[in-house]
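J.: Fold the following.
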Amino acid sequence: TRSFPYLVRKGNEYIMGLLLLTPSEGARASVYCATAQDAPAAAPSTCGYFDANCRPIQPSQAAQDEVAASWLWRWSAQQVRLPSHLDLPRA
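T.: Numbers count the residues shown, from 1 in each chain. You can find the predicted model right below:
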C-alpha cells in the first residue's frame, strides 16, 4: 500500500483499524491460555480453542478434520523440505 495515494492509504488504515485486532489484542487469548489458572479446566471441552475475548469455543468442523490435517502437514513438510527425522509418525 506504500505506492497508493496518501488519501487511499489513510482510508485503508482507518478501515483496517476498525476491522482488525491490534497486536496486543491478537495476543490476548494466547497470553490468557498460558497464564490463567482456569484456562486448563476449560480447554478439554474445546480442544484448547479460545476466541479473541478469551472465551472457550468449539473449533469448526474443518479444524477437526483429521484427513485434511494430515494432508496439510505432509504438504507443508514437503514444501519446507522437512527432514524425515522431524516428521510426524504416520497413523
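
J.: And what about G48, helix, strand or coil?
T.: Of the three states, G48 takes coil under DSSP: H, G, I helix; E, B strand; the rest coil.

J.: cool, Q78 as well?
T.: What three-state DSSP gives for Q78 is helix.

J.: What distance do you get for it to S84?
T.: 11 Å (Cβ to Cβ, to the nearest Å). No exception for glycine: its C-beta is placed from N, CA and C like everyone else's.

J.: Give me the more crowded residue out of the two.
T.: A count of neighbours by other Cβ atoms under 10 Å puts Q78 above the other of Q78 and S84, at 10 against 6.

J.: Look up the pLDDT of the more buried one for me, please.
T.: What the model reports as pLDDT for Q78 is 93.

J.: okay, P40: pLDDT?
T.: 86.

J.: Number of residues surrounding it?
T.: Other residues close to P40 by other Cβ under 10 Å number 10.

J.: can you check W73 too?
T.: With other Cβ under 10 Å as criterion, W73 counts 13.

J.: looking at this, it is in a strand?
T.: No - using three-state DSSP, the assignment for W73 is helix, not a strand.

J.: Could you report the distance from it to R81?
T.: W73 is 14 Å from R81, by Cβ to Cβ.

J.: got it, and R90?
T.: R90 is 18 Å from R81, by Cβ to Cβ.

J.: Distance from the helix or strand hosting A41 to the middle of the chain?
T.: Applying DSSP states H and E as the criterion places A41 in helix 39-42. Remark: helix 39-42 is offset 19 Å from the chain centroid, using Cα atoms, centre = their mean, to the nearest Å.
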